[in-house]
Structure formats: structure tokens, C-alpha cells
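Trainee: with the sequence up front, the predicted model follows.
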2 protein chains.
Amino acid sequence: MLSVVLVGTGNVAHHLFSAFRYSKSVNVLQVIGRNFNALKPYSNEVEVTTDFDKISEADVYLLAVSDNAIQSLSKKLENKPGLITHTSGATEMGAITNSNRGVFYPLQTFSKERRIEFKDIPVCIEAENEEGLNILKKLGESISGNVVEISSEQRKKLHLAAVFVNNFANHLYHIGEDICEKEGMSFNILKPLIQETAQKIMDLSPFDAQTGPARRGDTKTIEAHLKLLENEKQTELYTKISQAILETYEKEL
Amino acid sequence: MLSVVLVGTGNVAHHLFSAFRYSKSVNVLQVIGRNFNALKPYSNEVEVTTDFDKISEADVYLLAVSDNAIQSLSKKLENKPGLITHTSGATEMGAITNSNRGVFYPLQTFSKERRIEFKDIPVCIEAENEEGLNILKKLGESISGNVVEISSEQRKKLHLAAVFVNNFANHLYHIGEDICEKEGMSFNILKPLIQETAQKIMDLSPFDAQTGPARRGDTKTIEAHLKLLENEKQTELYTKISQAILETYEKEL
């Protein structure tokens, strides 16, 4: 049984706590946070504290906190015997000052309101040594069937890729919503298309799945769309992304 | 029973033909195309021809052809008694020269290799008169539970919105794939995130679902990402989309 102390009460901490609750090989001993109110939801099930002098001894410390808090919090854990890890995609393992360190990065978008099935979520792990790696592998496999060892360098690139496919794709959904609503149509009408767009790349590479006017080099439709756009920012994005697609496929046209 | 002549052998024609085959209220009499080889897959089940002088009489003619072929093909059908319709999102109903005209636009991305469940796909209809509208409603409801009447103006905006949420989102997936592969990681690692990003907006508006460094105004991470990017086009898109997100939420920060 691995004992875990969870530091943080944000979205990632919330979902990790929920996932570990159902695991038979992991025991969350304690949840630590700055804000007592944010700790309340955990207090029925586990020991909680806002006091870093009262941290329990555990096999693993999971810092599920904002990127810029990782370094200072890891210093407070420096004299602890367990493995000190953070859960950030964008932060190097070296941000943790103790040498018994690692990274436990679940690659997913977390919102408190949405339940998440952890079993398919890639958990990207990294550690300073083989022993740390084995512990994180065990921890990852207790909640996910998809545990992958990747380096700090790879993780940073992965986090960057995630920004494109998650944050930026969501902003395109927002633009779609905006265009529909301005024309008196519900955003619901776009939902089946959004689902199919995401489903399609389960079987087909995005390169092969690409369709649309820019893919076909159909400049007439592109010009017609640019005339329809009333928002300067949207016009700029339409132009830039269309150019990028045109250039990606220009050899084929 | 509605009789239909299908003009075209591309992706939309292929999927409409497959959907109508299971409908008890629609009978596809004939498929017409320029290319005899493209007609072959249909020839076992229905009459096919490349000769526009041999077009059958039908209740509805569906022109599932490229946008710039709609007008000239509709002229060849001018003396026909049935309702002449096209299936294009970007083309006005007026491109059809006959006054007995309409539009039958299924809002989805079609690839020949993928089977599509038509029942959830929004079918956007428009017609010159009430009788035409009733026919298209019946035709749409024979394959979909989601038939919506929209104007040419709305349809053009909808098609534009679809380019953002489908074509452009897919290009972001392609960038994600490119970044992963250059770092020796499989694109598969991003797939659960892509699925959840699309699923999230079924319950949450994209405005509320937005996360990430630009949403938080986290310029430190944005700068770190820009340093990681090696591709000029990707750098430009990262900058522009981040700016757009920052501006969307700047009042909140």
C-alpha cells in the first residue's frame, strides 16, 4: 500500500483524490491547503491541515498546485523521507529542490463540475532514479491503464501540444458559438460536428482527416467567408489558420 | 413515398445514399455522375447514368456536387417537375436557376471511409415555398431527428462556424501530432484529451470551458511555450490564438 499526502485543493487535486479513493493500493493520508474552506470537502474522509509543520510522513507527496508555487512548497518538504512530486506539464522536475523527486502528470483537462474516468488518461511519469520511477508507476497504474515514462523535455512539448488541441480548439468552439448566436442559431447545432471532428482522428491521422476550403485550395469560398466575418480578431484567425492549412497541403494541390 | 434522384458521387452523395437506403419513406430512383467508375458502387442497387438526357422524373433532385457545379447542373434540370435542391453550406439557394428549388444541407464532416449515424446530424433545410419546405422536412426526417429550417444567410454563417470548429480544430490536432512526433511521442497520447475537450462542451459553454495559460493570463508559460516552438507558422498561430483568448477574458483578469 502506497501512502500519499496531497498538497493542493484545485481541479487536479480534486480529481486525483477522487480517483485514489477507489484504489486498493493507494491510501491518501492527508490533504494540505492554504485555505481552510477549500479543505472542507475532504475533511470528512481524510485528515486535512493548513499547517505545513503538521505534514504526515508518506511514501509520496503530490504537489497539485499552481506552477509558480511548486518550488517554494517543495522546500517545505525537504526534510521528508518520501518521494516529492509535482503534477505540472509545464514545469521541470528540477523545480523540486529535494533530490528524491519526480513528476506525476495526468494529461487531461480537469473541471470540478465534470466527472472524469481516469482509466484512459495518460499519466506521464518521471523520476530521478529507478526506485522513484517504480513508485510512480505503481501510483499511476492504481488509477490509469496508460502510464508513460517521459522526460522533462518531452513533457514540456506535450504540454505545448495539449494547449493546441485543448485550449485552442476550445477557443475555436467559442468562435463557432459566437457566430451562431449572432445569427440567432443555437450552438447546439454545431455539437454533432464537433463530436465527429474529434472522433474522426481516433482512426484517421489529422493530416488525412483534414477537409474544408483551405484543404481544397478553394480561394473563392475563403474570400466569401472573409466577407461574412464581422469581427477583426476572427478575421485574423481565419486568415492565419487557412494559410497554415494551404501551406500544409500546397504540394498536393 | 418520396422519389429522389441523386446527382453526384462524392462523400455527401455516398452518405446520403446509404442513409436513404434504410428509409421506408424515401426511394432513390437514380444516381447520376460524370464518371462511370464512380457510379459503379451504386449500380447494383439503383439505376445509374452519366447522361443528363436520361434523368428520371422524381419528387426531389439532390445536387450533392461541388459548389461551382451547382448552377450549371441545375440548368440541366430546369424542365423537370420535381424540387431541385443542393446540399451545400456555402451556396445560396438562388444558385439553382429553377424557381421550384430548395436546400438540403446536412451539417457534418463526411469521409468515405467512416460510417456516419445520420439520426443526430442537423439537416438544415430551406425552400422557395411552403410545399417545398414540407417535402424537404419529410425527406430530412426520414434520416435525421434534427431537421432545422434556416435561411441562406444563416446557412452561410453556419458553414463559416463549421469551418472554425471542424476544419480549423482538425488543423490544431495536426499541429499537436507534429509536435509529439518530433519529440518521439505517439499522437495517441493526446487522443483522450481531444475527446474530453469535445465532450466538455456538451454540458458547458465553450466560454466557461476555457482553460490554459492564456485563459489565466499566465504570460510566463506563454513565453516558455513560444521559446519551445521551432516552427514559424506554429509560433504565429500560438501567438494569435493566445491573444484572442487573452482579449476574450481580459475583463475577468
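Mentor: Looks like it arrived, so ask away. Numbering: from 1, shown residues only, chains lettered A, B, ... in the order given.

Trainee: my guess is residue A:23 meets residue A:143, correct?
Mentor: Yes: if you go by C-beta atoms under 8 Å, residue A:23 and residue A:143 touch, sitting 5.8 Å apart. Heads up, the C-betas are built off the backbone N, CA and C, glycines and all.

Trainee: more neighbours: those two, which one.
Mentor: For the pair residue A:23 and residue A:143, the greater number of neighbours falls to residue A:143 (23 against 17), based on other C-beta atoms under 10 Å in any protein chain shown.

Trainee: isn't the more buried one up against residue A:117?
Mentor: No: taking contact to mean C-beta under 8 Å, the distance of 9.9 Å between residue A:143 and residue A:117 leaves them out of contact.

Trainee: can you tell me the closest non-neighbouring residue to whichever residue of the stretch 51-200 of chain A sits closest to chain B?
Mentor: For the stretch 51-200 of chain A and chain B, the shortest gap (C-beta to the nearest C-beta) falls at residue A:167, measuring 3.2 Å. The spatial neighbour of residue A:167 that comes closest, neighbours along the chain excluded (C-beta to C-beta, 6 or more residues apart in numbering or on different chains), is residue B:212 at 3.2 Å.

Trainee: now that neighbour: how far from residue A:162?
Mentor: Taken as C-beta to C-beta, to the nearest Å, the spacing of residue B:212 relative to residue A:162 amounts to 8 Å.

Trainee: so which of the two has more stuff around it?
Mentor: Neighbours around residue B:212 and residue A:162, counted as other C-beta under 10 Å, are more numerous at residue A:162. The numbers are 25 against 20.

Trainee: now do the same contact list for the more buried one.
Mentor: Shown in contact with residue A:162 (C-beta atoms under 8 Å, 6 or more residues apart in numbering or on different chains): A:89, A:107, B:176, B:190, B:193.

Trainee: I'd assumed residue A:152 was in contact with the first one.
Mentor: No: no contact is recorded between residue A:89 and residue A:152 when judged using C-beta under 8 Å, the distance being 10.4 Å.

Trainee: who's more crowded, the two?
Mentor: Neighbours were tallied for residue A:89 and for residue A:152 using other C-beta under 10 Å; the higher tally belongs to residue A:89 (21 against 14).

Trainee: state the distance from that one to residue A:162.
Mentor: From residue A:89 across to residue A:162, the span is 7 Å (C-beta to C-beta).

Trainee: joint contacts of these two?
Mentor: Contact criterion C-beta under 8 Å, 6+ apart; residues bridging residue A:89 and residue A:162 by contacting each: residue A:107.

Trainee: next up, the contacts around the most centrally placed residue in chain A.
Mentor: The residue at the geometric middle of chain A, judged as the C-alpha nearest the mean C-alpha position with C-alpha atoms, centre = their mean, is residue A:108 (3.6 Å). The contact partners of residue A:108, taken as C-beta under 8 Å, 6+ apart, are A:15, A:116, A:121, B:192, B:193, B:196.

Trainee: export the residues you listed to TSV and append columns for distance to residue A:251.
Mentor: As requested, these are exported to TSV (distance: C-beta to C-beta, whole Å):
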residue	distance to residue A:251
A:15	43
A:116	40
A:121	37
B:192	32
B:193	30
B:196	34
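
Trainee: least confident pick among those?
Mentor: Least confident of those in the model: residue A:116, at 85.

Trainee: and that one, what helix or strand is that in?
Mentor: Following DSSP states H and E, there is no helix or strand that holds residue A:116.

Trainee: spatially nearest residue to it (excluding sequence neighbours)?
Mentor: Nearest residue to residue A:116, sequence neighbours excluded (C-beta to C-beta, 6+ apart): residue A:15, at 5.4 Å.

Trainee: ok, the closest residue to residue A:205 other than its chain neighbours to residue A:142 distance?
Mentor: The shortest distance from residue A:205 to any residue that is not its chain neighbour, by C-beta to C-beta, 6+ apart, is 6.6 Å, and that residue is residue B:177. In this structure, residue B:177 and residue A:142 are separated by 30 Å, where distance is defined by C-beta to C-beta.

Trainee: do residue A:125 as well
Mentor: Taking C-beta to C-beta as the measure, residue A:125 and residue A:142 are separated by 12 Å.

Trainee: now stretch A:24-37: how far from the chain's centre is it?
Mentor: Put simply, stretch A:24-37 sits 20 Å off its chain's centre (C-alpha atoms, centre = their mean, to the nearest Å).

Trainee: what sits up against that stretch?
Mentor: Counting contacts by C-beta under 8 Å, 6+ apart, the residues outside stretch A:24-37 that touch it are A:1-9, A:13, A:17, A:20-21, A:39, A:42, A:46-50, A:52, A:55-56, A:58, A:138-139, A:142-143.

Trainee: in the stretch 1-150 of chain A, which spans are helices?
Mentor: If you assign secondary structure with DSSP state H, counting those that start in this stretch, the helices in the stretch 1-150 of chain A sit at A:11-21, A:36-43, A:70-76, A:130-141.

Trainee: tell me which of those sits most buried.
Mentor: Here the criterion is mean neighbour count by mean count of other C-beta atoms under 10 Å in any protein chain shown, and of those the winner is helix A:11-21, at a mean of 20.

Trainee: what about the closest residue to residue A:57 other than its chain neighbours, neighbour count?
Mentor: Closest residue to residue A:57 in three dimensions, ignoring its sequence neighbours and counting by C-beta to C-beta, 6+ apart: residue A:81, at 6.2 Å. When counting by other C-beta under 10 Å, one arrives at 8 neighbours for residue A:81.

Trainee: for residue A:81, grab phi and psi.
Mentor: phi -80, psi -20 (degrees, to the nearest 10).

Trainee: ok now stretch A:234-246, how far from the chain's centre?
Mentor: Between the centre of stretch A:234-246 and the centre of its host chain there is 26 Å, according to C-alpha atoms, centre = their mean.

Trainee: how about that stretch: buried residues?
Mentor: Buried residues in stretch A:234-246, counting neighbours by 16 or more other C-beta atoms under 10 Å in any protein chain shown, are found at A:234, A:237, A:238, A:240, A:241, A:242, A:244, A:245, A:246.

Trainee: flag every buried residue along stretch A:176-196.
Mentor: For stretch A:176-196, using 16+ other C-beta under 10 Å, the buried residues are A:176-180, A:183, A:185, A:187, A:189-196.

Trainee: what about those, which are in helices?
Mentor: Per DSSP state H, helices hold the following members of the buried residues of stretch A:176-196: A:176, A:177, A:178, A:179, A:180, A:191, A:192, A:193, A:194, A:195, A:196.

Trainee: out of these, flag the one nearest to residue A:131.
Mentor: Ranked by distance to residue A:131 (C-beta to C-beta), those are led by residue A:195 at 43.2 Å.

Trainee: ok, for that closest one, nearest residue in space, not its chain neighbours?
Mentor: Take residue A:195 and drop its neighbours on the chain: the residue closest to it by C-beta to C-beta, 6+ apart is residue B:198, 5.6 Å away.
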